[in-house]
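>>> Attaching a predicted model along with its sequence, questions to come.
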Amino acid sequence: KTSTAVSFKVTADDMTAIGERVIENIAQYKMNEEPVKETNKIIHNQKTDYEIHKTSDPVDGVVDGGSTIRYILSVENTGEATLNNLNVTDAIPTHTQYVPNSMKFSGGSGTAVMTEGDTLSWNVSGLKKGETMTLEFEVVVDALEANGAEQEILNTAYAKLPDDETPKESETTRHTQKLS
């Protein structure tokens, strides 16, 4: 008997709107007049996954009217495939005003399309396995109303792939403004 090895390489396309994909492969062969036979089934699992975290500068604590708070989000691709079409949103916190043009992104090989408004959004694509992208923006704290003893400024970001049923939440930052 003579044996022959055949090999080939394939490249799977990017996962653009799905969170998990299974790629199955079975080869068929035929020798002379024998019936068609199949090889073992080979299964490859591709899965997208990510984490979102949030910090701020200054860190949680007391802030004064007119102070600037910088929010820093980090999105890490913890999955097996390139992360595409991840929508990250962050509403401008109550008792603050967005600093125009302060939205930024950096890190990783991906890109982010940014949209400003009452809720900021970044559409992150091309973030490779193990990479982290940082998203940032700034707000200025409103003056405290004279009749208010204190007000709380809370902020949470959300991230969602197109096929996610519910978005993932970042940590919530907490700042307090007190009447002096």
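Structure's in. What do you need?
>>> C-alpha from now on. contacts and neighbour counts both.
Noted.
>>> residues making contact with stretch 160-176?
Applying Cα atoms under 8 Å, 6 or more residues apart in numbering, the contact partners of stretch 160-176 are 17-19, 51-56, 59-63, 84-88, 150-159.
>>> So which bits of it are buried?
Judged by neighbour count (16 or more other Cα atoms under 10 Å), stretch 160-176 contains these buried residues: 160-161, 167-170, 172-175.
>>> Okay, and which of the contacts of stretch 160-176 map to helices?
Among those, no member falls in helices (criterion: DSSP state H).
>>> Now list the buried members of these.
18-19, 52-56, 60, 63, 84-88, 151-153, 155-159.
>>> Give the residue spans of this protein that score low on pLDDT.
Applying pLDDT under 70 to the chain flags the ranges 1-30, 39-46, 146-148, 180.
>>> which residues of this structure fall in helices?
Counting by DSSP H, the chain has no helices at all.
>>> just the buried residues of stretch 160-176 now: which is nearest S74?
In terms of Cα to Cα, no member of these lies closer to S74 than S170, at 9.1 Å.
>>> With adjacent residues omitted, what lies nearest to that closest one?
H53 (4.8 Å; Cα to Cα, 6 or more residues apart in numbering).
>>> residue contacts, the one you found?
Residues in contact with H53 (Cα under 8 Å, 6+ apart) are 73-75, 170-171.
>>> For these, work out which two are farthest apart.
V75 and E171 (12.3 Å).
>>> re the thing from before, hey, what's the residue nearest to S170 bridged with?
For H53, the beta-bridge partners are S74 (DSSP bridges).
>>> try K37
Y29.
>>> How many residues are close by it?
For K37, the neighbour count with other Cα atoms under 10 Å is 10.
>>> ditto for M31
8.
>>> Skipping its backbone neighbours, what lies nearest the most centrally placed residue in the chain in space?
Compute the mean C-alpha point of the chain, and by Cα atoms, centre = their mean the closest residue is V75, 4.6 Å away. Residue nearest to V75 in three dimensions, not counting chain neighbours: I52, with 4.7 Å by Cα to Cα, 6+ apart.
>>> go on, Y98?
The nearest residue in space to Y98 (Cα to Cα, 6+ apart) is V139, at 4.4 Å.
>>> pretty sure the one you found contacts R70?
Yes - counting by Cα atoms under 8 Å, V139 touches R70, with 6.6 Å between them.
>>> so T48 sits right up against E76, yeah?
No - using Cα under 8 Å as the test, T48 is too far from E76 to be in contact (10.9 Å).
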